[in-house]
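Asker: test case, fold it:
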Amino acid sequence: MIDIQKQRDDRNIPIDKVGVKNLRYPITVLDRVNGYQATVASISMFVDLPHQDKGTHMSRFVELLHLFRPEFSLKTFSTILGQMKENLDADSSHVEVTFPYFIEKQAPVSHSPGLMDYTCQITGFCDKNDEIDLVLEVIVPISSVCPCSKEISDGGAHNQRGEVRLATRFRKFIWIEDMISVVEKSASCEVYSVLKRVDEKCVTEKGYNNPKFVEDIVRDVAMEMMHDENIIWFSVSAENFESIHNHSAYAYISSGEPFKCKLSKVD
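Answerer: Residues are numbered from 1 along each chain as shown. This is a model prediction of the structure:
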């Protein structure tokens, strides 16, 4: 049969990214407590396309993904990126995998168990020199109490739920659970899926006694990252969905130029 994709294109315009986007696919990821965790990911896979080629072979992306279905880890990520370049005759490859990750958390006083879900994303890029760049990001729900509100009010203080995004580049393997823990410890209080009355009293008082601006939260996370020798780059943002304003409060810190932190492999 005629390979239409490989026919010549005369417009002389290369394409930076071409491929499949938002493909829902079952994957298995490493779980610190249980060994492995099955989840469903949204996967996007791209390669570059030379100016002379009319198109890429979309089916090859899905075929390649199926080969790595049993386990999707940071190590297999590097292999997938390299295989994409080879199978699609490309100079560069790019993969984004977004998935919910579940951790069982006990309420602080009653110890009632419940599952918390966190959105995670692994982004990988392989350039023409076969250098691999991997970024792991977690999105963590948190609770914060406003220090200003507490200081100026005769009673109480306004509080809100927020969201912290922490992205890292690293030298060796890093656990999702460790990144989540750093964020949760930097908030006024953690968020739980199950709270009895004794727990609600506990988290309310803990938050009130530990007020944090979004500026405090990102700085506390940044300090932890800067003292971790395994981290070679990070970015952290905090967004509070304000309870007394019709807007969010936001803060962001990046450790530096991300494109200078490329890895040849992940241990």
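Asker: ok, and the closest non-adjacent residue to residue 125?
Answerer: In this structure, residue 125 finds its nearest non-sequential neighbour in residue 133, 4.5 Å apart by Cβ to Cβ, 6 or more residues apart in numbering. The C-beta positions use only the backbone N, C-alpha and C, and glycine is treated the same way.
Asker: pretty sure residue 106 is touching residue 115, no?
Answerer: No. In this structure, residue 106 is not within contact of residue 115 by Cβ atoms under 8 Å, at 11.1 Å.
Asker: of the two, who's got more company?
Answerer: Neighbour count, other Cβ atoms under 10 Å: between residue 106 and residue 115, residue 106 has more, with 13 against 10.
Asker: who is that one paired with across the strands?
Answerer: residue 113 (DSSP bridges).
Asker: state the distance from it to residue 120.
Answerer: Residue 106 sits 21 Å away from residue 120, going by Cβ to Cβ, to the nearest Å.
Asker: try residue 62
Answerer: According to Cβ to Cβ, residue 62 and residue 120 sit 22 Å apart.
Asker: neighbour count for those two, which is higher?
Answerer: Using other Cβ under 10 Å as the criterion, residue 62 and residue 120 rank with residue 120 on top: 21 against 13.
Asker: for the helix or strand where residue 16 lies, packing partners?
Answerer: Using DSSP states H and E, residue 16 sits within strand 15-31. Judged by 3 or more Cβ pairs under 8 Å, 6 or more residues apart in numbering; DSSP states H and E, strand 15-31 is in contact with strand 35-49, helix 58-67, strand 93-106.
Asker: so which of those comes closest to residue 9?
Answerer: Closest of those to residue 9 is strand 35-49, at 9.0 Å (criterion: Cβ to Cβ).
Asker: and that closest one, what's buried?
Answerer: Neighbour counts over strand 35-49 (16 or more other Cβ atoms under 10 Å) mark 37, 39, 41, 43, 44, 45, 46, 47, 48, 49 as buried.
Asker: any chance of those residues in a markdown table with distance to residue 10 and pLDDT as columns?
Answerer: Shown next, in a markdown table, are the buried residues of strand 35-49 (distance: Cβ to Cβ, whole Å; pLDDT from 0 to 100):
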| residue | distance to residue 10 | pLDDT |
| --- | --- | --- |
| 37 | 49 | 93 |
| 39 | 45 | 94 |
| 41 | 38 | 94 |
| 43 | 33 | 94 |
| 44 | 29 | 96 |
| 45 | 27 | 95 |
| 46 | 23 | 96 |
| 47 | 21 | 95 |
| 48 | 19 | 95 |
| 49 | 14 | 92 |
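Asker: would a markdown table of the residues you listed with distance to residue 187 be doable?
Answerer: Putting these into a markdown table (distance: Cβ to Cβ, whole Å) gives the following:
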| residue | distance to residue 187 |
| --- | --- |
| 37 | 24 |
| 39 | 24 |
| 41 | 27 |
| 43 | 30 |
| 44 | 30 |
| 45 | 34 |
| 46 | 35 |
| 47 | 39 |
| 48 | 40 |
| 49 | 44 |
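Asker: returning to what we had before: partner strands of the strand holding residue 16, with direction?
Answerer: Paired with strand 15-31 in the same sheet, following DSSP bridges, are strand 35-49 (antiparallel).
Asker: quick one, the strand it pairs with and helix 58-67 angle?
Answerer: Taking axes from the mean of the first three to the mean of the last three Cα atoms, to 10 degrees, one finds strand 35-49 and helix 58-67 inclined to each other by 160 degrees.
Asker: what stretches of this protein score poorly on pLDDT?
Answerer: Within the chain, the segments meeting pLDDT under 70 span 1-7, 68-73, 257-267.
Asker: strands along that one, start to end?
Answerer: Taking DSSP state E as the test, the strands found in the chain are 15-31, 35-49, 93-106, 113-126, 132-145, 159-170, 189-190, 231-241, 248-254.
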